[in-house]
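[1] please find the sequence and the predicted model below.
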Amino acid sequence: MTIELGITGVIGLLFGGLLAWLALRSRTATLQAHLSLREKELAAAKADLGRLLEDQKKLIESRARLESALELERKASNEKIELLTKAGEDLQNAFKALAADALKSNNLSFLQIAQETLKRFQSEAKGDLEARQKAVADLVAPVRDSLTKVDTQIQQMEVARGEAYGDLKAQVQSLITTQKELQSETGNLVRALRTPNVRGRWGEIQLRRVVEIAGMLPYCDFAEQETIFGESGRLRPDLVVKLPGGKHVVVDAKTPLQAFLDAFETTDEEVRRTCLANHARQVRDHINTLSSKKYWEQFDSTPEFVVMFLPGETFFSAALEQDTGLIEHGVLSRVIPASPTTLIALLKAINYGWNQEKLARNAQEISALGRELHERLRKLATHITGIGTNLDRAVDAYNQAVGSLESRVLVSARKFAELGASVAEDIPELEPIETTARALSFDWDDEPTEISKAKVSGSGQ
């Protein structure tokens, strides 16, 4: 009793671990999807930042070129102003010399003309310089505005990047915590599966679940843990599936998983490959063991093969990756390896056969009922035909009696009135009955063989 309670507790712990593992795996998948989305958004933001930095670089280079051109224009304008100033000074000196040497009387007028000319030259140079400065400023203004916008966008992206990094850090931390919890629950599951009784019970539960999914419930189509005795001693298949016609298919779920669990726990890749190779070898050895038991010889009308059930798709695929000839070896040894998916397909095919068997039995019952109903209707038609014959005979007897009464009795009775006898009413004339009973047109003596066959064939389709 204590052992059973312990096994029950371990099974409960196992199912709790499985449920927690499934819930944590779903949460991990969600967090990973969210993390992937955040990484994609961060990558897109980095790409946008790179493009903006590249645009900023181009704008800075353009601004530098424009400022360099502006500086050159300023230098050229300054040189022109210096040249004009120097020219005015030289002109003024020349006028002074001329005034001193030859035109002393017109000195003031020459100086005035020279000054006016110098002012005009200075005014034109200043206007040209302002026009050039305005043109350069007009060219630089869009660049300055673009650089300002780029700086603003960069600052906003830096803030968003900081927030994204904060969210990403929190999600990564949550993912790490979830992964640790998942590893802990997985470790508990692996440790539980290392116990032979728990592993065997888990395999039986998986097998029962597969049978329920396929619709092959225990009370109608299969029997679990049936014990038989053969030449090799006591044999106990995990499942005996009943086929239509009294045939059976034997299913064994005692596949060894120790090496696979070792591969699952290790972190060394070389050790992992060795453990998986051992897992494939253990599966092949179990195929040989099942082949030697010859379950098909212990049951009447049983196909010459046994199904080896592996309670998980990964157990089967891991063995096939290491030993690609495993299926062929199993077929040649009359052992069919089956994962939950392939066993469900096999059981559904058997379930379809049972449904067809039920349809055939129903069709046979319908055929028997049809024959019985036909026989009863035939008897009733015979009785009705006899009634019609008797009615015809009664009508004939009635007509004969009416004829005899009219010709032999009523003729004399009517003479009373002709002779003046007092009578209350005249004797009416009796008319013979001309109607005959209608005969049945269907021949009820024919057997409904062809009709029944047609109906049975139609119901089977």
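    That came through fine.
[2] show me what the host helix or strand of Leu369 is packed against.
    Assessed by DSSP states H and E, Leu369 sits inside helix 340-405. Identification of packing neighbours for helix 340-405 by 3 or more CB pairs under 8 Å, 6 or more residues apart in numbering; DSSP states H and E yields helix 196-214, strand 239-243, strand 247-252, strand 306-309, helix 449-460. Glycine gets a C-beta too; all of them are placed from N, C-alpha and C.
[3] kindly recompute the last result at 6 Å.
    Where contact means 3 or more CB pairs under 6 Å, 6 or more residues apart in numbering; DSSP states H and E, helix 340-405 is packed against helix 196-214, helix 449-460.
[4] for the longest one, what is the average pLDDT?
    This means helix 196-214. On average, the pLDDT along helix 196-214 is 76.
[5] domain boundaries for the protein, per the record?
    With domains defined by automatic domain parsing, the chain comprises 2-190, 194-338, 356-415+429-460.
[6] before we move on, the earlier item: now the angle from the helix holding Leu369 to helix 196-214?
    Counting by axes from the mean of the first three to the mean of the last three CA atoms, to 10 degrees, helix 340-405 lies at 40 degrees to helix 196-214.
[7] quick one: helix 340-405 to strand 247-252, angle?
    Going by the same axes, to 10 degrees, helix 340-405 makes 160 degrees with strand 247-252.
[8] okay, the angle between helix 340-405 and strand 239-243?
    30 degrees.
[9] report pLDDT for Leu347.
    Listed pLDDT for Leu347 reads 86.
[10] leaving out the residues flanking it, which one is nearest to it?
    Leaving out its chain neighbours, the residue that sits closest to Leu347 by CB to CB, 6 or more residues apart in numbering is Ala214, at 3.4 Å.
[11] surely that neighbour and Lys348 touch.
    Yes - if you go by CB atoms under 6 Å, Ala214 and Lys348 touch, sitting 5.0 Å apart.
[12] of those two, who's got more company?
    Counted by other CB atoms under 10 Å, Ala214 and Lys348 do not tie: Ala214 has more neighbours, with 20 against 14.
[13] got the contact list for that one?
    344, 347-348, 351 (CB atoms under 6 Å, 6 or more residues apart in numbering).
[14] what is the burial count for Glu434?
    So Glu434, with other CB under 10 Å, has 7 neighbours.
[15] ok, so what distance separates the nearest residue to Leu239 once chain neighbours are set aside from Leu49?
    Leaving aside its chain neighbours, Leu239 sits nearest to Val251 (3.8 Å; criterion: CB to CB, 6+ apart). Computed as CB to CB, to the nearest Å, the Val251 to Leu49 distance reads 61 Å.
[16] do the same with Leu359
    Distance from Leu359 to Leu49, by CB to CB: 70 Å.
[17] still on that earlier bit, just the buried subset of the contacts of Ala214, written out for ChimeraX, thanks.
    Restricted to buried positions by 16 or more other CB atoms under 10 Å, the ChimeraX selection for these reads:
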select :344,347,351
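[18] so what does Thr255 look like in phi/psi?
    Recorded main-chain torsions at Thr255 are phi -70, psi 130, according to degrees, to the nearest 10.
[19] swap in Gly325?
    phi -90, psi 20.
[20] swap in Thr266?
    According to degrees, to the nearest 10, Thr266 has phi -80, psi 150.
[21] ok, how many other residues are close to the residue lying closest to it once chain neighbours are set aside?
    Leaving out its chain neighbours, the residue that sits closest to Thr266 by CB to CB, 6+ apart is Arg272, at 5.2 Å. Using other CB under 10 Å, Arg272 is surrounded by 15 other residues.
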